[in-house]
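Chemist: A predicted structure for the sequence below; I have some questions about it.
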Amino acid sequence: MDQQPQTGSSLVAGLVEYGPELALALFSGFIIYAIALLAISYRRRIPGLNWLGGHSLTQDMTVSLTLLALVPAIALTLLLAADSARDRETRAAAEMKQATAALEQTLDRHFHNHQLGIASLAESISRAGRFDQQSIGEWLESHHAIYRDYLTMLAANSFGDIVTATTMLQGRPERLADVRHNISDRDYFSVPMNEGGTYVSDVFRGRGLGSDPIVAFSSVVRTATGMSWGIVEGSLNLEELGSNVAAARLLALGAELLVLDSQDRVLYSSTKDLNKLDPLPDARASYYGMASTNHTRASSSIGRTRDDSELVSYQVTDIGWQIIATRPLQPIYQAAYGEFRLLLILMLATVLSAALLSMAIARRVRQPLHTLTEAVRALDLDGSEAQITAPPNAPVEIRDLFGHLATVSQRLQSSYRQLMAASEAGRHYREQLEQTLARRENEIQSRTRELEDTNDKLRTLSNIDELTGLANRRHFLETMDRAWRHGLRENEPVSVIIIDIDHFKAYNDHYGHLGGDQCLQRVADAMAGVVGRSLDIVARCGGEEFMIVLGGTGLDGALVLGERVRQLIEDLAIPHVGSVTDSILTVSVGVASTTPVRGSDYDDLIRAADQALYHAKNDGRNRVGRSDGDGVSIFVADAAAFDFNDHIDLRPIEKQ
């Protein structure tokens, strides 16, 4: 742990330890001085104390009044500084304890909700009694939309084969087709299958659908006869441990947060100096005072680290996870040192004022001290008319002083009444002004929100093709420009795919323009989900022509996607009586790819893709044409070389 001791915090730590003893020593010295001064007033000479007597009244009053202000002020400053530091530490410890307890409750509630949710999902599927891939997939998607903290969800049959799965992409659950994995060796499959009920796993790294550290929630799905059909499972995202409100509260206090599982493996560290799933080093555990931790459920504990430099709060969740939060004491003591300095300044100002006042009183006041004291006491601002008159035999200076006191008393009372009236009027005007400002602020915020909503709608409409809901040509060119500049900067390839519906004019002539529009919409819906990255887009660029831009994807990956689009449209099996090449609707596809260089232009890439499309049409249509350095040719997909589902992320196929 990094420590930077500072003079202020070290001084406050010393005051916490020895402040009361120093204050007691000062008071003892002052009492000894007062007793000695009293003894001098009864005897002319006391051995060793002659220096206390024989002074003038002015000197004696000045010294005595100064000490009378100085000693209590210093003692009070020491006591208040020590008490303030202890109070700050106590409050900081209470805040840490409450915050860690709140985080523990948040995690327990979070896990409990997900455990109930997965059990409810399994029960819903069992009650529905439909175990086909489509029905279970719909259940998974609806459940995943509610529990968005799941990275993935899956359903597996009694043999452990995954039937269907979903993943969270851009805040929405997306179904993964043809996921071919077997999970029969996983505890989250075998335990609920053998024991029934709901199961919560230890933390482990995923495989197949991802390698992130996760916690699996699973529950058995039963048929109407009570037989175990399989399980449903959700993989909880541990990346969000530090982003909930309770954790944010701890971090806002300046604390460092560490979350361990029941095996002392690191799940989250706000300092980022520990790797996930690594065991906590023994030195760090000893520093936290965890050498004898037994992982049993206990109330929140609060204390200090081994070197007394930090507060440490410890909490254990229902599933055995350990929450450790540390907060340095140095900033707490440094803040208390600021208060100590302020008290010290006030103390010095008080002592200086007392010394000056004692000197003034000792020099100016001689005989009428009592009368003057009573006159000053009569001076009040409560509105009563005080009678301030000098004694009949008072000297001229005292009479003048009493006269001034009487005048000042009257003026102060008059000013006091005027000030109270002005204060009341000011309060009224301030309330009116605050109400007016609040009303104007609400009007401005309302108009601003309306303007922003209108701008967002206009921006969306300007980028969307009205018929198909895909991006229009303008949006396509904007994305193409962005992908081109990205490829130029990162030296990555950019690919373009042009799709044209075969014999679409004949389709329109036979089925009418309404049928043609419906056909375009079905084709657009089929292609809408083939890409999903920020530099990829599917757009309708005019009539029956569609274009796809793929940033960071080479020719091999683009050809795979082009073949996928061709096959998707063919699989729609839309009847096309007017086609001279096939009985159903088909598309021809042109694919081209290049790596941008300075001085180049993406218009050449689009022309190359258009030439490949032209070649595919001349070759009989329902083809994927490719354009590369060797010219244009027809791409022939080898079913053994790739699987569409292996290229959902559009990365190029590695050559075998």
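Modeler: Nice, I can see it.
Chemist: What strand or helix carries S235?
Modeler: strand 228-237 (DSSP states H and E).
Chemist: same question, V591
Modeler: Element membership for V591, per DSSP H and E: strand 587-594.
Chemist: likewise I302?
Modeler: Per DSSP H and E: strand 301-304 holds I302.
Chemist: Could you do Q410 as well?
Modeler: Secondary structure from DSSP H and E places Q410 in helix 396-463.
Chemist: which helices and strands sit right next to that helix?
Modeler: Packing partners of helix 396-463 (3 or more CB pairs under 8 Å, 6 or more residues apart in numbering; DSSP states H and E): helix 369-378, helix 473-490. C-beta: built from backbone N, CA, C; applies to glycine.
Chemist: quick one: average pLDDT of that helix?
Modeler: Mean pLDDT, helix 396-463: 81.
Chemist: ok and that helix relative to helix 473-490, angle-wise?
Modeler: Relative orientation of helix 396-463 versus helix 473-490 (axes from the mean of the first three to the mean of the last three CA atoms, to 10 degrees): 110 degrees.
Chemist: Check the secondary structure at A156 for me.
Modeler: State at A156, reduced to three classes by DSSP: H, G, I helix; E, B strand; the rest coil: strand.
Chemist: That one: how many residues sit nearby?
Modeler: When neighbours are defined as other CB atoms under 10 Å, A156 has 27 of them.
Chemist: Likewise for E544?
Modeler: Residues lying near E544 (other CB under 10 Å) number 19.
Chemist: how about the residue nearest to V531 when sequence neighbours are not counted, phi and psi?
Modeler: Using CB to CB, 6 or more residues apart in numbering and skipping the chain neighbours, the partner closest in space to V531 is V538 (6.1 Å). Torsion angles at V538 (phi, psi; degrees, to the nearest 10) stand at phi -110, psi 130.
Chemist: Contacts only, for V538.
Modeler: L470, A471, A524, M527, A528, V530, V531, F546, M547, I548 (CB atoms under 8 Å, 6 or more residues apart in numbering).
Chemist: Okay, strands next: where are they in the stretch 501-650 of the chain?
Modeler: Applying DSSP state E, counting those that start in this stretch to the stretch 501-650 of the chain gives strands spanning 536-542, 545-551, 587-594, 624-628, 631-634.
Chemist: what bridges to the residue nearest to V531?
Modeler: On the basis of DSSP bridges, V538 is bridged to I548.
Chemist: Mind pulling up the pLDDT for it?
Modeler: In this model, V538 carries a pLDDT of 95.
Chemist: Ok, L559 next?
Modeler: Taking L559 on its own, its pLDDT is 96.
Chemist: F635 is in contact with that one, correct?
Modeler: Yes. If you go by CB atoms under 8 Å, L559 and F635 touch, sitting 4.9 Å apart.
Chemist: Give the residues shared as contacts by the two.
Modeler: V591, V624, R626.
Chemist: gap between the closest residue to the first one other than its chain neighbours and C541?
Modeler: In space, V591 comes closest to G562 once its chain neighbours are excluded; the distance is 4.5 Å by CB to CB, 6+ apart. To C541, G562 is 16 Å away according to CB to CB, to the nearest Å.
Chemist: more neighbours, these two?
Modeler: G562 (32 against 18).
Chemist: The closest residue in space to L344 that isn't next to it in sequence: what secondary structure?
Modeler: If the residues on either side of it in the chain are set aside, L344 comes closest to T77, at 6.0 Å by CB to CB, 6+ apart. Under the three-state scheme (three-state DSSP), T77 adopts helix.
Chemist: please renumber so the chain begins at 153
Modeler: I'll keep to 153 as the first residue from here, and by that count the last item is T229.
Chemist: just checking, T229 touches M499?
Modeler: Yes. With contacts counted by CB under 8 Å, T229 reaches M499, the gap being 5.1 Å.
Chemist: Out of those two, name the residue with the larger neighbour count.
Modeler: The neighbour comparison of T229 against M499 (other CB under 10 Å) goes to T229, with 23 against 20.
Chemist: Return the list of strands paired to the strand holding I454, each annotated with direction.
Modeler: When pairing is defined by DSSP bridges, strand 453-456 lines up against strand 462-468 (antiparallel).
Chemist: And the helix or strand just after the strand it pairs with, what does it pack against?
Modeler: Following strand 462-468 in sequence order, the next helix or strand is strand 474-480 (DSSP H and E). In this structure, strand 474-480 packs against helix 209-280, strand 408-412, strand 462-468, with contacts taken as 3+ CB pairs under 8 Å, 6+ apart.
Chemist: can you put those in TSV and add mean pLDDT and distance to R718?
Modeler: Below are the helices and strands packed on strand 474-480 laid out as TSV (pLDDT from 0 to 100; distance: least, CB to CB, whole Å):
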stretch	mean pLDDT	distance to R718
helix 209-280	81	36
strand 408-412	87	49
strand 462-468	88	58
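Chemist: Same list, these, but as TSV with distance to Y440 please.
Modeler: What follows is the helices and strands packed on strand 474-480, written out as TSV (distance: least, CB to CB, whole Å):
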stretch	distance to Y440
helix 209-280	13
strand 408-412	8
strand 462-468	5
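Chemist: Quick one, which of those gets closest to I653.
Modeler: Smallest distance to I653 across the helices and strands packed on strand 474-480 (CB to CB): 39.1 Å, for helix 209-280.
Chemist: how many degrees apart are that closest one and strand 462-468 in direction?
Modeler: Using the same axes, to 10 degrees: helix 209-280 against strand 462-468 is 30 degrees.
Chemist: Following element in sequence after helix 209-280, please.
Modeler: As assigned by DSSP H and E, the chain's next helix or strand after helix 209-280 is helix 285-298.
Chemist: tell me the mean pLDDT over that following helix?
Modeler: According to the model, helix 285-298 has a mean pLDDT of 92.
Chemist: mind saving the C-alpha coords of it as CSV?
Modeler: Extracted in CSV, the C-alpha atoms of helix 285-298 (Å, rounded to 0.1, in the frame of the first residue of the first chain):
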residue,chain,number,x,y,z
GLN,A,285,-36.2,-25.5,-30.4
GLN,A,286,-38.4,-22.5,-31.5
SER,A,287,-40.6,-22.5,-28.4
ILE,A,288,-37.7,-22.9,-25.9
GLY,A,289,-35.8,-20.2,-27.8
GLU,A,290,-38.7,-17.8,-27.4
TRP,A,291,-38.8,-18.5,-23.7
LEU,A,292,-35.1,-17.8,-23.4
GLU,A,293,-35.3,-14.5,-25.3
SER,A,294,-38.2,-13.2,-23.2
HIS,A,295,-36.4,-14.2,-20.0
HIS,A,296,-33.1,-12.8,-21.2
ALA,A,297,-34.8,-9.4,-22.0
ILE,A,298,-35.8,-9.2,-18.3
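Chemist: quick one, what contacts the residue lying closest to S686 once chain neighbours are set aside?
Modeler: Nearest non-adjacent residue to S686, counting by CB to CB, 6+ apart: G703, 8.0 Å away. Contact partners of G703, counting by CB under 8 Å, 6+ apart, are R634, A635, H638, G639, E644, V646, R685, S686, L687, D688.
Chemist: give the contact list for the fourth one.
Modeler: The contact partners of G639, by CB under 8 Å, 6+ apart, come to P645, V646, G703, G704, T747, P748.
Chemist: try 10 Å this time
Modeler: Contact analysis of G639 by CB atoms under 10 Å, 6 or more residues apart in numbering lists 645-647, 687, 703-705, 746-749, 752, 754.
Chemist: Of those residues, just say which sits nearest to R240.
Modeler: Of all the contacts of G639, L687 has the smallest distance to R240: 52.1 Å, by CB to CB.
Chemist: Just the pLDDT at that closest one, thanks.
Modeler: In this model, L687 is scored at 87, pLDDT.
Chemist: What of A501?
Modeler: A501 carries a pLDDT value of 77.
Chemist: Next up, identify which helix or strand it is on.
Modeler: Going by DSSP H and E, A501 is in helix 482-516.
Chemist: The nearest residue to L321 once chain neighbours are set aside and W291, how far apart?
Modeler: Spatial nearest neighbour of L321, chain neighbours left out: G684 (6.1 Å); criterion: CB to CB, 6+ apart. To W291, G684 is 23 Å away according to CB to CB.
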